[in-house]
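Colleague: Have a look; sequence and predicted model below, questions after that.
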Amino acid sequence: MNMWNMVYEDFLSDSEKEKIISVLKEAIKDFEVEEKFGKMIENRESQITISMLGQEAPIDKKKEWDRDKDKRQKIINKIKDQLSDFEIHIAGTTSIDITKKGIDKAYGINKMVKYLEIPLTEILFIGDALNNGNDSPVKSLGVSYKEVKSVDDTKNIIKNLLNKRK
């Protein structure tokens, strides 16, 4: 049986998590959300993610909520000074990700490259937030990348790549 093995971890400390969550809770008091679907603030150990409609929100509602990313940018503007020791990125359709400084998608790819001993030129990154979002740091690495709008877009890219290998 194949098992996953952790090869590194860069978890936030308990005090870092508490600070981020406290700042987020204060910042979103002014943002009215009609309906919430599940947890809004999620502790993912190495990052805190806030999903303004909740983690379980239907995709159609998510797509409607912040099409131009203005609402999330307003939240970021409110928290960026208090959380200047952290990376803050718009993610997905309703989320904001907060990690330690320097911990982003580019960092993860560099870790993978080192661990797997593969060149950056062999990587294709697929993301939905390549322009000023949580996926944008990969653009500076020199990897190939494709922007997607949906899970179906991602599935189609992967399917096409697999079909080319046959």
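Modeller: Thanks, I have the structure now. In this text the structure is predicted, and so the values were computed from the model without any measurement.
Colleague: For the rest of this, base every contact and every neighbour count on C-alpha atoms.
Modeller: OK.
Colleague: what's the domain layout of the protein?
Modeller: Per the record, the chain has its domains at 14-100, 117-165, by automatic domain parsing.
Colleague: What's the end-to-end length of the last one?
Modeller: So the one you mean is domain 117-165. Using C-alpha to C-alpha, to the nearest Å, one end of domain 117-165 lies 21 Å from the other.
Colleague: what mean pLDDT does that domain have?
Modeller: Per-region confidence: domain 117-165 scores 90 on mean pLDDT.
Colleague: What of the longest one?
Modeller: The predicted model assigns domain 14-100 a mean pLDDT of 92.
Colleague: what distance separates the start and the end of that domain?
Modeller: Start-to-end span of domain 14-100 (C-alpha to C-alpha) is 13 Å.
Colleague: now it: how far from the chain's centre is it?
Modeller: Domain 14-100 sits 11 Å away from the centroid of its parent chain (C-alpha atoms, centre = their mean, to the nearest Å).
Colleague: Please, where are all the helices along this structure?
Modeller: Using DSSP state H, the helices of the chain run over residues 14-27, 59-65, 70-79, 105-116, 151-165.
Colleague: what comes up buried for the longest one?
Modeller: If I follow you right, that is helix 151-165. Across helix 151-165, burial judged by 16 or more other C-alpha atoms under 10 Å covers Asp153, Thr154.
Colleague: ok, now how distant is the closest residue in space to Ile109 that isn't next to it in sequence from Leu130?
Modeller: Excluding its sequence neighbours, the residue lying closest to Ile109 (C-alpha to C-alpha, 6 or more residues apart in numbering) is Val138, at 7.8 Å. Using C-alpha to C-alpha, Val138 is found at 8 Å from Leu130.
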